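>>> return atomic coordinates for the entry below.
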Amino acid sequence: MSQATVSAILPVYNGVQYLKDSIGSVVSQTLQPMELFLIDDGSTDGSLEYLASTQTPFPKIVLTQNNKRQSAARNLAAAQAKGKYLAFLDHDDIWFPTHLEKLVAPMEADAWVGWAYSDLDEIDAQGRQVSQRNLRSFNPHVEHPKTNLINMLSSDMFIFPSAAVVRREAFEAIGGFDERLSGYEDDDLFLRLFRAGWLNVFFPESLVRYRRHASSSSFSERMWTSREIFAEKLLADYGRSAPGALLRTGDHCAPFYASAKAEYLRHLPHQRWEQCTMSLALMHRFNALQRLPPGRTAAKRALALR
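Okay, here's the model as predicted:
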């Protein structure tokens, strides 16, 4: 793989406690990247100072932005990247040493493979293992690799940016990440790659350790705003009012409704009234987004998915 040049891209926001492990996993790759982009997204915890001081055996490029979130940070680096492939790593995740070598190989073998991704292991805030090969346990009905649009629209796709390598040509052709999204930006990216005709390859073995901790929780107003924007994009592109609609009834909004309902039920026993109010408001909005006939509410569709 003499021509398999990889640009590693690592956005950082207040993650200084994890950077030794995440950057160390990039340095330990059996296929070394040609460059490492470290993007500080307005950190206030000393992350930028750590990035400036850390040493790597390959060129290190430190970029800064004023908290524009991860989509903008990744796009900022990708616009300057020289590698044939883009490998994304969140600041709290850890690559296994063969991550790049194994994911780049199928793309080198077939120029139509636009991205490759793997399963993942989950670790906690202290780096202790929680579970292995998680993707099947998230939802056994989700297809890996991606070959069917309806399957992709029916649920979260479970392609984690830290677990994927993307061909730069493909990334640029679809315009990179949607910077309005800070959450669901990965589903949106890989859906657009698929629709553009790029093939994908899935490795059932874990090639990354995904860290789940309190500050990485999917619950936030920012995440929920992204969820609503993404749902609106799906309805515009695939809903029954879209030209050549693939889904006649907007069923693909039901998973979003179910997520909001799950958040409501999670916070209700703890009397987190602000979060409950947000959940209910989102449930009402997703009902309205679907514009379903009477008697065919999003609630019924969400329950049917369980």
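>>> buried stuff in stretch 83-98?
Residues of stretch 83-98 classed as buried: 83-96, 98 (neighbour count, 16 or more other Cβ atoms under 10 Å). Bear in mind the C-beta positions are built from the backbone N, C-alpha and C, glycine included.
>>> can you show me the strands along this protein?
6-12, 35-40, 60-64, 85-88, 94-95, 113-123, 129-131, 164-167, 199-211 (DSSP state E).
>>> lowest mean pLDDT across those strands, which one is that?
The minimum mean pLDDT among those belongs to strand 129-131 (a mean of 91).
>>> all helices of the protein, in order?
Taking DSSP state H as the criterion, the chain carries its helices at 19-27, 47-53, 69-78, 99-109, 135-138, 149-153, 168-173, 185-195, 221-238, 254-267, 273-290, 298-305.
>>> on that earlier part again, quick check, nearest of the buried residues of stretch 83-98 to residue 53?
Using Cβ to Cβ, residue 91 is the member of the buried residues of stretch 83-98 that lies nearest residue 53, at 15.7 Å.
>>> rewinding a little: so for residue 121, which of the helices of the chain sits nearest?
Among the helices of the chain, helix 135-138 sits nearest to residue 121 (Cβ to Cβ), with 10.5 Å.
>>> what does the closest one contact?
The contact list for helix 135-138 (Cβ atoms under 8 Å, 6 or more residues apart in numbering) reads 119-120, 131, 142, 144, 156, 158.
>>> 6 Å instead?
Contacts of helix 135-138 with the rest of the structure, by Cβ atoms under 6 Å, 6 or more residues apart in numbering, involve 119, 158.
>>> got the contact list for the spatially most central residue of the chain?
For the chain, the residue nearest the mean C-alpha position is residue 186 (3.4 Å; Cα atoms, centre = their mean). When contacts are counted by Cβ under 6 Å, 6+ apart, residue 186 is found next to 159, 161.
>>> swap the cut-off to 10 Å and go again
70-71, 88, 117, 156-164, 177 (Cβ atoms under 10 Å, 6 or more residues apart in numbering).
>>> re the thing from before, format the helices of the chain as TSV; extra columns: mean pLDDT and distance to residue 213.
Formatted as TSV, the helices of the chain follow (pLDDT from 0 to 100; distance: least, Cβ to Cβ, whole Å):
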stretch	mean pLDDT	distance to residue 213
helix 19-27	98	13
helix 47-53	97	16
helix 69-78	97	16
helix 99-109	98	21
helix 135-138	85	18
helix 149-153	87	28
helix 168-173	98	28
helix 185-195	96	19
helix 221-238	79	15
helix 254-267	74	17
helix 273-290	75	18
helix 298-305	40	28
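>>> I'd like these laid out as JSON lines, including distance to residue 7.
Shown next, in JSON lines, are the helices of the chain (distance: least, Cβ to Cβ, whole Å):
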{"stretch": "helix 19-27", "distance to residue 7": "11"}
{"stretch": "helix 47-53", "distance to residue 7": "16"}
{"stretch": "helix 69-78", "distance to residue 7": "7"}
{"stretch": "helix 99-109", "distance to residue 7": "11"}
{"stretch": "helix 135-138", "distance to residue 7": "25"}
{"stretch": "helix 149-153", "distance to residue 7": "26"}
{"stretch": "helix 168-173", "distance to residue 7": "7"}
{"stretch": "helix 185-195", "distance to residue 7": "16"}
{"stretch": "helix 221-238", "distance to residue 7": "25"}
{"stretch": "helix 254-267", "distance to residue 7": "33"}
{"stretch": "helix 273-290", "distance to residue 7": "36"}
{"stretch": "helix 298-305", "distance to residue 7": "38"}
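>>> how about the ones you listed, which one is nearest residue 209?
Here helix 19-27 is closest among the helices of the chain (Cβ to Cβ), at 8.2 Å.
>>> can I get the closest one as PDB, trimmed to CA atoms?
This file holds the C-alpha atoms of helix 19-27, laid out as PDB (Å, rounded to 0.1, in the frame of the first residue of the first chain):
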ATOM      1  CA  LEU A  19      -5.600  13.100  24.400                       C
ATOM      2  CA  LYS A  20      -2.700  11.000  25.500                       C
ATOM      3  CA  ASP A  21      -4.600   7.800  24.700                       C
ATOM      4  CA  SER A  22      -6.300   9.000  21.500                       C
ATOM      5  CA  ILE A  23      -3.200  10.600  19.900                       C
ATOM      6  CA  GLY A  24      -1.100   7.700  21.100                       C
ATOM      7  CA  SER A  25      -3.400   5.300  19.200                       C
ATOM      8  CA  VAL A  26      -2.700   7.300  16.000                       C
ATOM      9  CA  VAL A  27       1.000   7.100  16.600                       C
END
